[in-house]
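Trainee: sharing a model prediction with you, sequence too.
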There are 2 protein chains.
Amino acid sequence: MFHDHLNEVKRREHALQIIGERIASGGREGIYDLTGLSGGFPLEMEDIGLLETYVGPAVFEERLQTAGRKHMGGEMVAAFNRTSSAILASILELAEPGSLVVHYLPELPSHPSIPSSTQLAAARYHETDDFTEDIPENTSLVVVTGSTMDHRVVDESELQQIIERAHSAGVPVLVDDASGARLRTVLFNQKRACDLGADLAVTSTDKLMHGPRGGLLAGRSDLVERVKSRAYRFGLEAQPPLIAAMVRALESFDPSEILNALERKGYLLEALRDLNVEETPTGIMIKPDSLEELYDSTCTGDEIAVALSMLLLSDHGIITIPAVGMPGASKTLRFDLASRDAERLVPELLREAIEDAVDKLSGI
Amino acid sequence: MFHDHLNEVKRREHALQIIGERIASGGREGIYDLTGLSGGFPLEMEDIGLLETYVGPAVFEERLQTAGRKHMGGEMVAAFNRTSSAILASILELAEPGSLVVHYLPELPSHPSIPSSTQLAAARYHETDDFTEDIPENTSLVVVTGSTMDHRVVDESELQQIIERAHSAGVPVLVDDASGARLRTVLFNQKRACDLGADLAVTSTDKLMHGPRGGLLAGRSDLVERVKSRAYRFGLEAQPPLIAAMVRALESFDPSEILNALERKGYLLEALRDLNVEETPTGIMIKPDSLEELYDSTCTGDEIAVALSMLLLSDHGIITIPAVGMPGASKTLRFDLASRDAERLVPELLREAIEDAVDKLSGI
């Protein structure tokens, strides 16, 4: 076990060294980070110069209002350290102690942040995937998930109806639209949650767009102000550098990139059928198990995956987790086709790179 | 009221324009931001390039461990979005529901984050400035404030004794050393909280050092791991860009800058005695009230302060809040002498600039 750990550390250091060498010789263009985990941080030097003065944050705050409302609708937006922090602040502010928070979602179970936050607010929690269920008496907040972590998407008419029923009962609605704010609107042509009447809606600026991990809350200005003020008490708000990166990402958001990613995914799923590739929400993956079957070798699937990942990096500059991951990280080869670097890599070349690495390992 | 607001917006826009012109003609060196509110964000372009890959955050995490432990002691450190978020995560993890959190501090009342977090943990709260008070039965956490917001500093022997008494009772100790981690050690020659036996200690990387607003938690690795894991559930952890900025600030921390700031403060308090300057923890301030007395004018103190602030900016490039603040911001002229730009401005020149602006306004 300790021996494995040491090998993993060495493998990772070797991968970092290759990345360093490729960047040194070919610049940032020499690598393609397809991990999907790099975290968008699209700042320019001029942003940093501005952030370094008292006035910078105020400038970015103004730009956030413009770009954020364009993306989300609503009267006002506010930025949080993460979507989970925005959810915590919203639930602490809106759920009354002893009352009920009811959560409707397309597929159970919920992301844990919603029940955990409800517990801190000393409220009771109920979740359901049945949108016809009544809103019980003594409910102080209705939460609706627009799209689950596995990208199961709510029906627009069900979303709209639950908002109307909540409002008839005098209960505010928070839509957890972490990925939904783009998935629902771009792929399914649905309206923005605020346009459907949601009092608050929150999205993650790193999901299906090239922003930092962070939560953007939009909605009624009276509620956004209250939630912001609650957030400051516990350090849940986004800091200026995060706001600046969110602004850059929102301003450069291009829905066609999502459509392109899904087109690339369709092509690769078909072209690499023989390798047992499987789909992820925004890309493809090859699991160690299927590699073990494919090679009929004495090596384990994990070992084959690491070898493939190292070959993809050294021969093609393609970064995947099995090469660069921390010890213990999953050895599944994931290729995120919505990551920024995927746009520079035509899918035919990615296919060839994967096939080339697989061939080189034949006879392992 | 609306008219005032409009004037304030115009005043601020005019100030921003002056800053823009000065930066365009003389570079960043053409301004001196003495607001103390600019928030250190000492990133270099190479940091951003690194952050843009999957491996960047891991590199900064390793550097954070080294620089953080050097600054704070302890077995391990972790970075949080703010000190308040670190305190919330620690109290949620360590305070048992129904038990007592006891808070010892040099001067009442506490920063609100500690009682508020205790409430979320469903624990009871007691605070005292009497360090001889017994630790009651059923206490699950002792918090000690190392230095208050007004820079009242705990006695080292009292701090050490309370840690020993808590440990005899089997209770862990969290030291809120937001500014204390530097004030206590650099000015009062006290030991680091972890070296005195604290199980956890937290500091703010923007207080008396040139880092971003953020919380650095240090201490026993088992507890730091538990608090980190709790933090991830609610989005309380620092994001990679914040960690990178914290690392830069910790690596470049120089205790002599604090001593220099206090020396500059002593000089200016003496040299500007006639202007009724008052001291702040790390600088000086001139209040609108004393300006009203000084000028014996029909203008209000607020109006005089704004005029002085605009003169300091246009004639000397010195940024203070009355010029650049949002509508409604305080009109007190504060000069933070621990801010990075204060190091480029010899105190004699700052004194002359203030006297010059005051003279130009004579007869207002």
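Mentor: The structure has been received and is ready for your questions. Numbers count the residues shown, from 1 in each chain, chains lettered A, B, ... in the order given.

Trainee: pull the contacting residues for residue A:22.
Mentor: A:30-31, A:317 (Cβ atoms under 8 Å, 6 or more residues apart in numbering or on different chains). C-beta coordinates here come from the backbone N, C-alpha and C atoms, glycine included.

Trainee: who wins for neighbours among the residues you listed?
Mentor: The most neighbours of any of the contacts of residue A:22, using other Cβ atoms under 10 Å in any protein chain shown, belong to residue A:31, which has 22 neighbours.

Trainee: tell me the pLDDT at that one?
Mentor: On the pLDDT scale, residue A:31 is placed at 89.

Trainee: so it touches residue A:320, yeah?
Mentor: No - using Cβ atoms under 8 Å, residue A:31 is not in contact with residue A:320; the gap is 11.4 Å.

Trainee: if we can go back for a sec, quick one: which of the contacts of residue A:22 is nearest to chain B?
Mentor: Proximity of these to chain B was ranked by Cβ to the nearest Cβ; the top entry is residue A:31 with 7.1 Å.

Trainee: now that closest one: how far from residue B:72?
Mentor: Note on residue A:31: its distance to residue B:72, by Cβ to Cβ, to the nearest Å, is 35 Å.

Trainee: now do residue A:8
Mentor: Distance from residue A:8 to residue B:72, counting by Cβ to Cβ: 29 Å.

Trainee: residues in contact with the residue in the stretch 101-250 of chain A positioned nearest to chain B?
Mentor: At 3.1 Å from chain B, residue A:235 is the closest residue in the stretch 101-250 of chain A, using Cβ to the nearest Cβ. Counting by Cβ under 8 Å, 6+ apart, residue A:235 makes contact with A:81, B:80-86, B:88, B:113, B:215, B:236.

Trainee: adding neighbour count and distance to residue B:160, write the residues you listed out as CSV.
Mentor: As requested, the contacts of residue A:235 are exported to CSV (neighbours: other Cβ atoms under 10 Å in any protein chain shown; distance: Cβ to Cβ, whole Å):
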residue, neighbour count, distance to residue B:160
A:81, 31, 35
B:80, 28, 26
B:81, 31, 30
B:82, 27, 28
B:83, 26, 22
B:84, 27, 26
B:85, 29, 28
B:86, 33, 22
B:88, 32, 26
B:113, 21, 24
B:215, 31, 23
B:236, 30, 29
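
Trainee: how many neighbouring residues does the residue of the stretch 251-364 of chain A found nearest chain B have?
Mentor: Taking Cβ to the nearest Cβ, chain B has its nearest neighbour within the stretch 251-364 of chain A at residue A:324, 5.5 Å off. Residues lying near residue A:324 (other Cβ under 10 Å) number 26.

Trainee: residues touching the nearest residue to it once chain neighbours are set aside, list them.
Mentor: Take residue A:324 and drop its neighbours on the chain: the residue closest to it by Cβ to Cβ, 6 or more residues apart in numbering or on different chains is residue A:15, 4.7 Å away. By Cβ under 8 Å, 6+ apart, the contact set of residue A:15 is A:310, A:313, A:319, A:323-324, B:55.

Trainee: the residue most central in space within chain A: what's it in contact with?
Mentor: By Cα atoms, centre = their mean, the mean C-alpha position of chain A lies nearest to residue A:207, the distance being 3.0 Å. Applying Cβ under 8 Å, 6+ apart to residue A:207 gives the contacts A:178-179, A:182.

Trainee: cool, residue A:109 as well?
Mentor: residue A:127.

Trainee: can you verify it is assigned to a helix?
Mentor: No - according to DSSP: H, G, I helix; E, B strand; the rest coil, residue A:109 belongs to no helix; its state is coil.

Trainee: quick one, phi psi at it?
Mentor: Backbone torsions of residue A:109, given as degrees, to the nearest 10, read phi -90, psi 170.

Trainee: show me where chain A has its strands.
Mentor: Secondary structure of chain A, counting by DSSP state E: strands at A:32-33, A:76-80, A:100-104, A:124-128, A:139-145, A:173-176, A:200-204, A:215-219, A:278-280, A:283-286, A:318-319, A:333-336.

Trainee: do the last one and chain B meet?
Mentor: What that stands for is strand A:333-336. No - judged by Cβ under 8 Å from any Cβ of the partner chain, strand A:333-336 makes no contact with chain B; its nearest approach is 10.4 Å.

Trainee: what residues does that strand touch?
Mentor: For strand A:333-336, contacts defined as Cβ under 8 Å, 6+ apart pick out A:34-37, A:268, A:280, A:282-287, A:305, A:308-309, A:312, A:318, A:320-322, A:342, A:350, A:354.

Trainee: mind redoing it with 6 Å?
Mentor: When contacts are defined by Cβ atoms under 6 Å, 6 or more residues apart in numbering or on different chains, strand A:333-336 is touched by residues A:34, A:36, A:282-286, A:305, A:320.

Trainee: who does it pair up with?
Mentor: Here strand A:333-336 is paired, per DSSP bridges, with strand A:283-286 (antiparallel).

Trainee: doesn't residue A:351 make contact with residue A:271?
Mentor: Yes - contact criterion Cβ atoms under 6 Å: residue A:271 and residue A:351 qualify, at 5.0 Å.

Trainee: burial measure for residue A:59, as a count.
Mentor: Other residues lying near residue A:59 total 17 when counted by other Cβ under 10 Å.

Trainee: separation between it and residue A:237?
Mentor: Using Cβ to Cβ, we find residue A:59 at a distance of 17 Å from residue A:237.

Trainee: what of residue A:47?
Mentor: With the distance defined as Cβ to Cβ, residue A:47 ends up 19 Å from residue A:237.

Trainee: what is residue A:201 paired to in the beta sheet?
Mentor: residue A:175, residue A:218.

Trainee: do I have it right that it meets residue A:177?
Mentor: Yes - if you go by Cβ under 6 Å, residue A:201 and residue A:177 touch, sitting 5.0 Å apart.

Trainee: of the two, who's got more company?
Mentor: Per other Cβ under 10 Å, whichever of residue A:201 and residue A:177 has more neighbours is residue A:177, with 31 against 28.

Trainee: now do the contacts for the closest residue to residue A:250 other than its chain neighbours.
Mentor: Leaving aside its sequence neighbours, residue A:250 sits nearest to residue A:67 (Cβ to Cβ, 6+ apart; 3.8 Å). Taking Cβ under 6 Å, 6+ apart, we find residue A:67 in contact with A:247, A:250-251.

Trainee: out of those, which are buried?
Mentor: For the contacts of residue A:67, a burial check counting by 16 or more other Cβ atoms under 10 Å in any protein chain shown picks out A:247, A:250.

Trainee: give me the subset of the contacts of residue A:67 that lies in helices.
Mentor: A:247, A:250-251 (DSSP state H).

Trainee: in a markdown table, list those residues along with distance to residue A:76 and pLDDT.
Mentor: As requested, the ones in helices among the contacts of residue A:67 are exported to a markdown table (distance: Cβ to Cβ, whole Å; pLDDT from 0 to 100):
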| residue | distance to residue A:76 | pLDDT |
| --- | --- | --- |
| A:247 | 15 | 93 |
| A:250 | 15 | 95 |
| A:251 | 18 | 94 |
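
Trainee: rewinding a little: could you identify the most distant pair in the contacts of residue A:235?
Mentor: Greatest spatial distance among those (Cβ to Cβ): A:81 and B:113, at 15.2 Å.

Trainee: for the stretch 51-200 of chain A, what are the low-confidence residue spans?
Mentor: A:52-55 (pLDDT under 70).

Trainee: the stretch 201-350 of chain A now?
Mentor: For the stretch 201-350 of chain A (pLDDT under 70), the answer is none.
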